[in-house]
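Asker: Using only what follows, build the 3D model:
(one chain, ligands or ions: 1)
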Amino acid sequence: MAITPTSDKVPPPFSLVIFGASGDLTRRKLIPAVYSLYRQQLLPQHFAVIGFARRDKSDDDFRAEMARAIREFVPVPPTGDLELADFTAHLHYHRSNFQDPQGYRSLRQRLEKCSPATDSPGNCLFYLATQPADFPEIVRQLSRVDLCQCGDTPKRWSRVIVEKPFGRDLFSARELNAQLRQSFEENQIFRIDHFLGKETVQNLFVLRFANTIFEPIWNHRYIDHVQITVSETLGLEGRGAFYEQTGALRDIVQNHLMHLLSLVAMEPPVSLDADAVRDEKVSVLKALRPTPLCMVRAQYAAGTVRDQPVCGYREEPGVDPRSQTETFVALKVMIDNWRWSGVPFYLRTGKRMPVRITEIDIYFKAVPRVLFNVRNTMVPNCLAIRIQPREGIALQFQAKPPGHVKDIQPCRLFFNYTDAFGMTPPDAYERLLLDAAFGDATLFTRSDEVEAAWKFLQPIVAESADSNRAPLPLYPAGSWGPPQADDLIETDGRKWQLTKMPPHK
Ligand code: BG6
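Answerer: Next up is the predicted model:
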């Protein structure tokens, strides 16, 4: 299982085929991640990466392009051209459109050439980094040239990694799952959500289940409420057309936020098996109570982010000047089960916010109104889990300042990854690509998980698509969203809060 470090063995020889290799994801994330794995000697001696895309390019063009991407995006740049050339020798380019059967026949021949086994395409990891509309055709074509390798296959394996979004709603998510399963079995399908590959997200599981002190108080008797914030300073980064179809609900809430929520709220699984862990996550999603009235959607207007003036969402390239797509969502969610009865979870996400922060804050109940808390003014205990940046954990508690003062003062204990482990966490894609090559699906989303998240969000998405609804409120870029988001939590007598983490030493 992947929550504990995968063993230091390398996976068996395999070829990674990236469909949509001309896209940004390949350049910014996938190839830099494969390169980092190569550099840490975590890849087998025989591995190949085949970029499959429509543009006309030679192997050499592709290698040169990817070498530039590595120099730009890998945190620790290559030590020299020779090392980089050794790596890029494993890269190949395969030009074809996604509908052409001949393109897949020749892909198969290419895989046979790259594989150490004679006359066999060997182990294959297919990465669908294309528009979702292309997924069904690609898997159908792979199946036609017998590259899906379903069933009991002791000799070689074949797996498919699918990028989000997994459908636009419950209906299309079910349809996509059914289409994928026409060619692959569920245990061959790896639906990727890069948030699950973040070390800090995996550590949530360890924090809860490898420590004695948290689990006994991790419930409605001790926890007052939970806040989860995914805030970005970025705008659209040239993805206007994509974002117009997606919005914050589909881009972040349906996947990243639902994963964080289910990891915080899940019951301890019976084992660390991928399915045991995912069973518990699904149970949380099934217990979510839809509260469409407790949601605020909004869109950013022009403003200032980190002292830079930025345009409003509707002025971004590729965006309809009358767009009603949300770039901000705040949501109150209840979980109808024994553990969480009566504990609200407040979730919020937005683009063009003042700072980039992903954080989970667990607020504990106040101590009784006696002794030190007579006027109910003490700051409650809070466990803040910072997913990024300045990855770490802070525990807030009360202390007595020295001297004759009678006051009580809130103080914090801090833990941070860089100081504790002497390194910044690796990129999520490294972990996830390696897990997929090992066949470990723990950090990937199972079909019923996708469908359970959609079932919960379906009424909310439907309500937001209603053409009779009021126009979206706007918030100035660089602010924490519209005043309605504050009202959502302040009506309950609470406030949005984030913890200031100290800089790493
Ligand atoms: C992606 C979203 O899944 O996550 C982007 O599509 C978002 O809109 C990104 O910017 C945030 O990821 P990270 O790892 O940069 O926080």
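
Asker: Next, the residue nearest to F135 when sequence neighbours are not counted: phi, psi?
Answerer: Among residues not flanking F135 along the chain, L128 sits closest, at 5.4 Å (Cβ to Cβ, 6 or more residues apart in numbering). Yep, even glycine has a C-beta here, placed from its N, CA and C like the rest. Dihedral pair for L128: phi -90, psi 90, per degrees, to the nearest 10.

Asker: again, but for the one 5 residues further on
Answerer: Dihedral angles phi and psi of A133 (degrees, to the nearest 10) take the values phi -60, psi -20.

Asker: where's whichever residue of the stretch 1-150 of the chain sits closest to the ligand relative to V74, distance?
Answerer: Here the residue of the stretch 1-150 of the chain nearest the ligand is K29; by Cβ to the nearest ligand atom that distance is 9.4 Å. Distance from K29 to V74, counting by Cβ to Cβ, to the nearest Å: 11 Å.

Asker: now L128
Answerer: Distance, L128 to V74, using Cβ to Cβ: 23 Å.

Asker: Likewise for T445?
Answerer: As judged by Cβ to Cβ, T445 and V74 stand 27 Å apart.

Asker: Which one of the two is surrounded by more residues?
Answerer: Neighbour count, other Cβ atoms under 10 Å: between T445 and V74, T445 has more, with 23 against 17.

Asker: Setting the sequence-adjacent residues aside, check what's closest to the more buried one.
Answerer: For T445, ignoring the flanking residues on the chain, the nearest one in space by Cβ to Cβ, 6+ apart is R191 at 4.1 Å.

Asker: what does the protein put close to the ligand?
Answerer: Taking Cβ under 6 Å from any ligand atom as the measure of proximity, the chain contacts the ligand at H194, E232, L234, D251.

Asker: contacting residues for the second one?
Answerer: Under the criterion of Cβ atoms under 8 Å, 6 or more residues apart in numbering, the neighbours of E232 are T349, G350, K351, R352, M353, R356.

Asker: one more time with 10 Å, if that's ok
Answerer: Listed by Cβ atoms under 10 Å, 6 or more residues apart in numbering, the contact set of E232 reads 248, 252, 305, 327, 349-353, 355-358.

Asker: Repeat that for the last one.
Answerer: Under the criterion of Cβ under 10 Å, 6+ apart, the contact list for D251 reads K164, P165, R239, F242, Y243, Q245, T325, E326, T327, V329, T349, K351.

Asker: Next, count neighbours for the second one.
Answerer: Neighbour count for P165, taken as other Cβ under 10 Å: 18.

Asker: Include pLDDT and secondary structure when you put the residues of the chain next to the ligand into JSON lines, please.
Answerer: Below are these laid out as JSON lines (pLDDT from 0 to 100; DSSP: H, G, I helix; E, B strand; the rest coil):
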{"residue": "H194", "pLDDT": "94", "secondary structure": "helix"}
{"residue": "E232", "pLDDT": "97", "secondary structure": "coil"}
{"residue": "L234", "pLDDT": "95", "secondary structure": "coil"}
{"residue": "D251", "pLDDT": "94", "secondary structure": "helix"}
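
Asker: could those residues be laid out in a markdown table, adding distance to A85?
Answerer: Listed next are the residues of the chain next to the ligand as a markdown table, based on distance: Cβ to Cβ, whole Å:
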| residue | distance to A85 |
| --- | --- |
| H194 | 29 |
| E232 | 36 |
| L234 | 34 |
| D251 | 38 |
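
Asker: in the stretch 401-505 of the chain, which spans are helices?
Answerer: All helices of the stretch 401-505 of the chain, identified by DSSP state H, counting those that start in this stretch, fall at 417-421, 428-438, 447-465, 483-490.

Asker: Just the mean pLDDT for the last one, thanks.
Answerer: The predicted model assigns helix 483-490 a mean pLDDT of 96.

Asker: For the stretch 51-200 of the chain, which residue gets nearest to the ligand?
Answerer: Closest residue of the stretch 51-200 of the chain to the ligand, Cβ to the nearest ligand atom: H194 (5.9 Å).

Asker: Can you get me a residue count around the residue nearest to F135?
Answerer: L128: 22 neighbours (other Cβ under 10 Å).
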